[in-house]
Each structure stands twice: as C-alpha cells, then as structure tokens.
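1. only geometry, no sequence info:
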C-alpha cells in the first residue's frame, strides 16, 4: 500500500512512519513541505496520504484538494494538534482525522477504516482488494483471486503464491463481488469461475473443484453444486 506522509515537523514525520511500519505499511514516502508533495504526487500514485493540517505556505486542507485533483482515488487522512479543524477536514474529503500525539490504536483504526473503503471501491471498479497477512499488507487484483474462504470473522483470499486475510464476512464478499464471475459454491467458499481447471462429481452430488496454476482443491455443498451447474448452463447458453 503506497503511502505518503507530509509534515513540516521532522519528529512527527519519523513517529508516524514508525507507527505505520508497525502496522505493516512499508512503502512510505515522506515530504516536509506541500510543494515537494505536489511534485511527488504528480509523478507517482499514492493509495493514502497523511497530511498535517498546519504547514507553511499551504495548509494540509489545501494540499488535500490538490492531491485529489491529481488523483481522486487517494485516501486522505489529516493529522493535527488542534481539534477545531475536524469539520473542515471531513469537508475536504478526509476519511479520518488524527490528533497528535498519534497513537498505535488511532493508526490501526484509520487503516481499518480505509480497508473497508478500499474493499468496496476497488471491487466496484474492478480493481483491487486490500488484504493482510502477518505484518504485510497486500493490494490484490480481483482477477488474481482463485477462491475466498470464510475464517471466523474474516475471509481468506487465495492468490497464486500466498493467501491473505480481509476483515469481512463471506456474505459481505459475495455481495461486493456480485456481477463479477465469482460463485458461492458453499456457505463458506466463493470461487473465481475463470480460474477453474476441472470439476469432479462426488458423493451426495457435491463437486470437487481444482484450479489452473495452483494445487488447491475445494468442495461444494450439495445445494451449491446444483446451483453452480445451473449457473454454468446459463453461461454456456
């Protein structure tokens, strides 16, 4: 997840970078003034920008408007020592507002909020899903997903060389993927139809499904197999 921090205070920059790294964000660029930030944003696309509100020459609120003009998909999070700017911050398109000194908990909550936005917006625009594995954050292209499985209050997303987690229910993912070529074959499993290599009938009319490029196999429920066969027949016709 490509992240930009803009703050004219060196200690604040260093602290925020450390807190983000502790939450698994490693692709971080830093600027200590808005002018350099604008130059950087003009060359590179950032997923998130953490902006200090009070800076010389240009406020973080003004900078946010410029960044959104260049790349409307950048998520803006404001940081400041003064709470009176909160309303202006949200009116400027900020998804969160952090009061200094920033804590680990506030960073964690801000990233979780962005994760929810990214899951919905990326799926709606056929782009990417933000997921996590250990301390690493991944931006996963929807087309790269083989299958999704429920795991308590999260889902596991299987891609080519690894799997990652999203803090969503399997039902939420099914709704978000509606209109894409994914099918829920079991109450706890969604498959990417375009990744399927073969299907094998099993006892109780279930289906065993294998995929192109990975060795994993998933099994449908009896009802899921029936509905999936009907879905495939309609696609072929």
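-> Yes, it's here. Here the structure is a predicted model, which is why all the values come from computation and not from measurement.
2. Which helix or strand in this structure has the lowest average pLDDT?
-> Within the chain, confidence by mean pLDDT, DSSP states H and E is lowest for helix 86-91 among all helices and strands, at a mean of 55.
3. ok, and for the helix or strand just after that one, which residues are buried?
-> Next along the chain after helix 86-91, taking DSSP states H and E as the criterion, comes strand 94-99. Going by neighbour count (16 or more other C-beta atoms under 10 Å), the buried part of strand 94-99 is 94-98. For every residue, glycine as well, the C-beta is placed using N, CA and C.
4. Closest one to residue 194 out of these, please.
-> Taking C-beta to C-beta as the measure, residue 95 is the one of these closest to residue 194, at 32.0 Å.
5. Please name the nearest non-neighbouring residue to that closest one.
-> Leaving aside its sequence neighbours, residue 95 sits nearest to residue 75 (C-beta to C-beta, 6 or more residues apart in numbering; 5.2 Å).
6. close enough to count as contact, the one you found and residue 45?
-> No - in this structure, residue 75 is not within contact of residue 45 by C-beta atoms under 8 Å, at 11.9 Å.
7. So which of the buried residues of strand 94-99 is the closest to residue 188?
-> Using C-beta to C-beta, the buried residues of strand 94-99 come closest to residue 188 at residue 95, 30.8 Å.
8. list the contacts for the closest one?
-> Going by C-beta atoms under 8 Å, 6 or more residues apart in numbering, residue 95 touches 75-77, 110, 113-114, 117.
9. any idea how far residue 164 is from residue 138?
-> 5 Å (C-beta to C-beta, to the nearest Å).
10. between these two, what contacts are shared?
-> Common neighbours of residue 164 and residue 138 (C-beta under 8 Å, 6+ apart) are 131-132.
11. domains of the chain?
-> 3-117, 129-236 (automatic domain parsing).
12. Quickly, which of those bottoms out on average pLDDT?
-> Mean pLDDT is lowest for domain 3-117 among the domains of the chain, at a mean of 85.
13. for residue 112, phi and psi?
-> phi -60, psi -40 (degrees, to the nearest 10).
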